[in-house]
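Trainee: For reference, the sequence and a predicted model appear below.
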There are 2 protein chains.
Amino acid sequence: MLPLPVLEQARDEMLEWRGGMSVMEVSHRSKAFIAVARQAEADLRELLAVPPSYKVLFMQGGATAQFSAVPQNLAAPDATADYLNTGHWSQRTIAEARRFVRVHLAADEAASGYSTVPAQAALALTPGAAYVHYTPNETIHGVEFPYVPETAGAPLVADMSSTLLSRPVDVSRFGLIYAGAQKNIGPSGITVVIVRDDLAGRARAATPLVFDYRAVAEAESMQNTPPTFGWYVAGLVFQWLKRQGGLEAMARRNRDKAAMLYGAIDASDFYSNPVARNCRSWMNVPFRLARTELEPVFLAEAEAAGLANLAGHRAVGGLRASIYNAMPAEGVRALVDFMRDFERRHG
Amino acid sequence: MLPLPVLEQARDEMLEWRGGMSVMEVSHRSKAFIAVARQAEADLRELLAVPPSYKVLFMQGGATAQFSAVPQNLAAPDATADYLNTGHWSQRTIAEARRFVRVHLAADEAASGYSTVPAQAALALTPGAAYVHYTPNETIHGVEFPYVPETAGAPLVADMSSTLLSRPVDVSRFGLIYAGAQKNIGPSGITVVIVRDDLAGRARAATPLVFDYRAVAEAESMQNTPPTFGWYVAGLVFQWLKRQGGLEAMARRNRDKAAMLYGAIDASDFYSNPVARNCRSWMNVPFRLARTELEPVFLAEAEAAGLANLAGHRAVGGLRASIYNAMPAEGVRALVDFMRDFERRHG
């Protein structure tokens, strides 16, 4: 979901942008596009208060590409990297990382059915680990870290695909942050990477140039023709976020939206959410009906009422509401109203 | 440059696509998007008459990513691969390939200033080479192969970023074809890869999953969230090409456009093109003025007359017209008229 004003501007500028051709036709080497790219980086830096000692990169291949780029840039093949397994996306990350580095599971929440996250004291960190990787928010299981892990000196790496820009984050706590764009940043096809200077420049010899953080930084993310249209739309989203009051304002909104939805779920035995209360996601809210046979009915009636995309991921089933930045409070209100009405009719 | 009807449709569907949300917001796992993706592949296969024994992949990272993906998928680290060096893009390709495989230069046109291509008989092919790589069209130097090289059995690999879809091609002559989208296919951010089945499945152990052709094929190019909007626009371009009469019709148009422009250049000593006549590009036409000090004046007056993007690449200077599929004959006619008028006034 993208903010409506962003879609409207993209539509209005589709044929004629800044008095000329379509933005989809502008060369990435043109002054006009370079201005767009630099403004987008400046706005992203401002929104997140990125320290000057970090590079901001616009890459391709989604978070999935970073699953290999992280070990290739940050670790020798025989080094050990710590990973925290807290759900589907952690598992995907770890499976790819094992092909490039020795993975030590410093935490594994599989036994809980991924309904919680490990406490800081429970992390079995490796002394001298090349880095510690975690997934602050698991979109499928709906669990979220309520804290930023301490790593005893190892660079902390986070896949923030589903939370970046949903609230402020203290970038200085991290060695590297990456995020696919399609949740809170812009259209799919672009990946934001924020990497501390000292971690860019250590890529292995056989790292593809397009995944070498230093090479990407030196080329200002333009080694190859970048996804210019996606970069431009992401820039419109950054401007929209600034107009909304920045990330403190988004955090208030997102917290309120989540509280409204969890409140409705917890207020009734008709609905339930399996996640421990201290680590419930602000972004992805999985829920079940006590009578699971009613779930297909719920989905069909919700769709008919204009509430789309409420099926749980096929890996876990059930229902799931994703309430990213672009989802207005009224959208959550409409869902909660529908849930109450559905319970009244079927409960 | 993109066809105007394609831009208009993308604009009109920006806010509401097929009765629902924006196409930029549709999940890549939705039935609606999967139908778009499959139709795009089917149309591309039809346009190029791709044999069923080839996979068609939609990847990311541009041709630059393929510079490393090709050796990682097609050769062992100690194998030898033959490369033909015919200009700037060959050089970029070779520099990256050397990091992954032993490169043998089976031809090197540097001495000609990249004003020609090697003859078939001049290719110094390595017996048993893992593959032979060439760049059929060099966008900066404006040279183009008038023939498809014979390789004595080694798979032929071609970077067709600037020619794919500009004319028919006998795919069966190639082991692998790749092309960044931004010339003739669609917006930047998507890369088409056409690979013979037996060449997908031989990736080295440390190949990033997003660059492993078999893994990409098995995931139907959706290991990570693909650039859905770019894929959709590429699909619109494929439909437009079919409405134009397919690639035979495009070849006639492109040949005629190039003939008109080279004719104007050759008709006057005021203008010149440095490339041997048998290998002049249909897509990129570099040219100089006999009085080079007039070139900045030419550029300024052309821009004022609505003729944009005529500066030569900074690596070679001078002037260059790129006349890809979406450039109508009238656009070339306008340039030729301007050139004659400019000569009349300054010659």
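Mentor: Here it is on my side, so go on.
Trainee: And the helices in the stretch 151-300 of chain A, which stretches?
Mentor: When assigned using DSSP state H, counting those that start in this stretch, the helices of the stretch 151-300 of chain A occupy the ranges A:213-218, A:228-243, A:246-266, A:295-304.
Trainee: relative to helix A:228-243, how tilted is the third one?
Mentor: Same thing as helix A:246-266. Our comparison of helix A:246-266 with helix A:228-243, counting by axes from the mean of the first three to the mean of the last three CA atoms, to 10 degrees, yields an angle of 80 degrees.
Trainee: out of the helices of the stretch 151-300 of chain A, which comes closest to chain B?
Mentor: Among the helices of the stretch 151-300 of chain A, helix A:228-243 comes nearest to chain B, with 5.0 Å by CB to the nearest CB. Backbone N, C-alpha and C define where each C-beta goes, glycine included.
Trainee: in terms of contact count, name the helices or strands touching the closest one.
Mentor: The criterion is 3 or more CB pairs under 8 Å, 6 or more residues apart in numbering or on different chains; DSSP states H and E, and the helices and strands that helix A:228-243 contacts are helix A:4-12, helix A:31-48, helix B:228-243.
Trainee: Highest mean neighbour count out of those?
Mentor: For the helices and strands packed on helix A:228-243, average neighbour numbers computed from mean count of other CB atoms under 10 Å in any protein chain shown are highest in helix B:228-243, which has a mean of 22.
Trainee: Tabulate the helices of the stretch 151-300 of chain A (CSV), appending distance to B:Ala259 and mean pLDDT.
Mentor: Listed next are these as CSV, based on distance: least, CB to CB, whole Å; pLDDT from 0 to 100:
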stretch, distance to B:Ala259, mean pLDDT
helix A:213-218, 41, 98
helix A:228-243, 31, 95
helix A:246-266, 57, 98
helix A:295-304, 56, 96
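Trainee: Redo those helices as CSV? Include distance to B:Glu144.
Mentor: Supplementary listing: the helices of the stretch 151-300 of chain A in CSV, determined by distance: least, CB to CB, whole Å:
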stretch, distance to B:Glu144
helix A:213-218, 29
helix A:228-243, 26
helix A:246-266, 51
helix A:295-304, 52
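Trainee: Please name whichever of those is nearest to A:Thr86.
Mentor: Nearest to A:Thr86, of all those, is helix A:246-266, at 18.1 Å by CB to CB.
Trainee: and the closest one, C-alpha only, in PDB?
Mentor: What follows is helix A:246-266 as a C-alpha-only set of coordinates in PDB (Å, rounded to 0.1, in the frame of the first residue of the first chain):
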ATOM      1  CA  GLY A 246       8.300  12.500  10.600                       C
ATOM      2  CA  LEU A 247       8.900   9.200  12.300                       C
ATOM      3  CA  GLU A 248       7.800  10.200  15.800                       C
ATOM      4  CA  ALA A 249       4.400  11.000  14.300                       C
ATOM      5  CA  MET A 250       4.300   7.700  12.400                       C
ATOM      6  CA  ALA A 251       5.300   5.800  15.500                       C
ATOM      7  CA  ARG A 252       2.300   7.400  17.400                       C
ATOM      8  CA  ARG A 253       0.000   6.500  14.600                       C
ATOM      9  CA  ASN A 254       1.200   3.000  14.100                       C
ATOM     10  CA  ARG A 255       1.200   2.300  17.900                       C
ATOM     11  CA  ASP A 256      -2.400   3.600  18.100                       C
ATOM     12  CA  LYS A 257      -3.500   1.500  15.000                       C
ATOM     13  CA  ALA A 258      -2.000  -1.600  16.500                       C
ATOM     14  CA  ALA A 259      -3.500  -1.000  19.900                       C
ATOM     15  CA  MET A 260      -6.900  -0.600  18.400                       C
ATOM     16  CA  LEU A 261      -6.700  -3.900  16.500                       C
ATOM     17  CA  TYR A 262      -5.100  -5.900  19.400                       C
ATOM     18  CA  GLY A 263      -7.700  -4.400  21.700                       C
ATOM     19  CA  ALA A 264     -10.500  -5.700  19.500                       C
ATOM     20  CA  ILE A 265      -9.000  -9.100  19.400                       C
ATOM     21  CA  ASP A 266      -8.300  -9.300  23.100                       C
END
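Trainee: how big is the angle separating that helix from helix A:31-48?
Mentor: 60 degrees.
Trainee: buried stuff in helix A:246-266?
Mentor: Taking 16 or more other CB atoms under 10 Å in any protein chain shown as the basis for neighbour counts, the residues of helix A:246-266 that come out buried are A:Gly246, A:Leu247, A:Met250, A:Arg253, A:Asn254, A:Lys257, A:Ala258, A:Leu261, A:Tyr262, A:Ala264, A:Ile265.
Trainee: quick one, phi psi at the residue nearest to the fourth one when sequence neighbours are not counted?
Mentor: Read that as A:Arg253. For A:Arg253, ignoring the flanking residues on the chain, the nearest one in space by CB to CB, 6 or more residues apart in numbering or on different chains is A:Ala329 at 6.6 Å. Main-chain torsions, A:Ala329, degrees, to the nearest 10: phi -60, psi -30.
Trainee: gap between A:Ala329 and chain B?
Mentor: When distance is defined by CB to the nearest CB, to the nearest Å, A:Ala329 is 18 Å away from chain B.
Trainee: Pull the contacting residues for that residue.
Mentor: A:Arg253, A:Asp256, A:Lys257, A:Met260 (CB atoms under 8 Å, 6 or more residues apart in numbering or on different chains).
Trainee: and if you look at A:Ser322?
Mentor: A:Ser322 touches A:Thr139, A:Lys183, A:Met283, A:Asn284, A:Val285, A:Asn309, counting by CB under 8 Å, 6+ apart.
Trainee: at 7 Å instead, please
Mentor: The contact partners of A:Ser322, taken as CB atoms under 7 Å, 6 or more residues apart in numbering or on different chains, are A:Met283, A:Asn284, A:Asn309.
Trainee: Ok, A:Asn184 next?
Mentor: Contacts of A:Asn184 were listed using CB under 7 Å, 6+ apart, and they are A:Leu164, A:Leu165, A:Ser166, A:Tyr324, A:Asn325.
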